[in-house]
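> Okay, sequence plus prediction incoming.
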Amino acid sequence: CVTAHELGHALAAKRYNIKTRNITLLPIGGLAQLESIPEKPKEELVVALAGPAVNIVIAAVLYPFIKLSLSLIEEMDLSRLSHHNFLFSLMVVNIWLAVFNMIPAFPMDGGRVFRALLSFKFERNVATRIAASVGQLLAVGFVFIGFFYNPFLVFIGIFIFLGAQAEAQFAEAKSLLKGYTVADALMRDVPLLNPTDTIEHSSDRLLDTQNRNFIVADEAGVVGTLSRDEIIKALRQGKASHPVAEAMSRDFLALEKTSSLEEAWTRLQTMKKSVSPVFENGILVGMLDTENVAEFLMITEARARQQG
């Protein structure tokens, strides 16, 4: 049922041409990782409501097959399932999934619905800030109640609190990057490696410079990217003498110099990439790395506060 819930989100997102990278099942629920979150309030509302709607539909389909009785309700115990109470318990679980997910707290569906409704009146980053604050307040309540009644609520509360904080920071960063292009945060001094260079050579470059990410290129052009984490992983595997080509990431994100910085940064975050080569008319002119974008954000925020 949790999987069906997440598939509901995925299918609704597909309606707006948003792909789902994967669906992860966790001890506290599921998570459909979309390539992007719909920016339009109406679209986000539809995608957020699609999951709980699936659970309501499942419960509605089960209802005609259940013979409700007072004894069945009184003796309901989800930890002791049998052929007598299985369908009824399944219906109750789906109703519970729908109701619990509609609590207005990020990153649960209710928090996204709340943010979407606020977005009809406020700027998206402001709506996110309000929704995240409400979510964190509820999260503190979960933790408090969990100490006295159910320790599992403590973990849920921590998950919600951190999720709301991350969502607010993400939205704030996007609002600050709006209107800028990749050229504004471009690193023009590109640290290059050849695919035939050894991992040991790349680790030496890592120590000799401040660069934590490298572009891998040969005579034909850019063939991959290499991050500090990938270098360390290869060294731990005893591949110091192996070529960089074995450790580099080949599915890199190629950006244009004139691309929107907001969209580029969002795609890097979604794809979990730390660096991207930047091109102009097919020629490598620089690279965009997440740390450089973070520095650009701090500078932009500082300037905005000074002007304010």
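Now that the structure is in, tell me what you want to look at. Numbering: from 1, shown residues only.

> chain center to stretch 183-194: distance?
26 Å (C-alpha atoms, centre = their mean, to the nearest Å).

> What is the end-to-end distance of that stretch?
Start and end residues of stretch 183-194 are separated by 25 Å (C-alpha to C-alpha, to the nearest Å).

> what's around residue 283, how many residues?
Residues within reach of residue 283, counting by other C-beta atoms under 10 Å, total 8. In short, each C-beta sits where N, CA and C put it, glycine included.

> partners of it in the sheet?
residue 280 (DSSP bridges).

> Now do the same for it: its pLDDT.
At residue 283, the predicted lDDT confidence score is 91.

> Please apply the same query to residue 117.
Among the per-residue scores, residue 117 holds a pLDDT of 94.

> Report the separation between it and residue 229.
Per C-beta to C-beta, to the nearest Å, residue 117 is found 39 Å from residue 229.

> Looking at the two, which one has more neighbours?
A direct count of neighbours by other C-beta under 10 Å for residue 117 and residue 229 places residue 117 higher, at 16 against 11.

> so the more buried one is in which element?
Using DSSP states H and E, residue 117 falls within helix 109-119.

> do the same with residue 10
According to DSSP H and E, residue 10 maps onto helix 2-15.

> Give me the buried stretch members for that helix, please.
By 16 or more other C-beta atoms under 10 Å, the buried positions in helix 2-15 come out as 2, 5, 6, 7, 8, 9, 10, 12, 13.

> Pipe those residues into TSV and attach pLDDT per row.
Shown next, in TSV, are the buried residues of helix 2-15 (pLDDT from 0 to 100):
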residue	pLDDT
2	93
5	95
6	95
7	95
8	95
9	95
10	94
12	95
13	94
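
> closest to residue 157 among these?
Of all the buried residues of helix 2-15, residue 2 has the smallest distance to residue 157: 19.6 Å, by C-beta to C-beta.

> Mind checking the pLDDT average for stretch 299-308?
According to the model, stretch 299-308 has a mean pLDDT of 75.

> Could I have the CA atoms of it written out in CSV?
Only the C-alpha atoms of stretch 299-308 are listed here, as CSV (Å, rounded to 0.1, in the frame of the first residue of the first chain):
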residue,chain,number,x,y,z
ILE,A,299,27.9,36.7,-1.4
THR,A,300,24.5,37.3,-3.0
GLU,A,301,22.8,37.1,0.4
ALA,A,302,25.3,39.5,2.0
ARG,A,303,24.9,42.0,-0.8
ALA,A,304,21.1,41.8,-0.5
ARG,A,305,21.2,42.5,3.3
GLN,A,306,23.6,45.4,2.8
GLN,A,307,21.2,46.9,0.2
GLY,A,308,18.2,46.2,2.4
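
> on contacts alone, who are the packing partners of the helix holding residue 117?
helix 41-62, helix 124-148 (3 or more C-beta pairs under 8 Å, 6 or more residues apart in numbering; DSSP states H and E).
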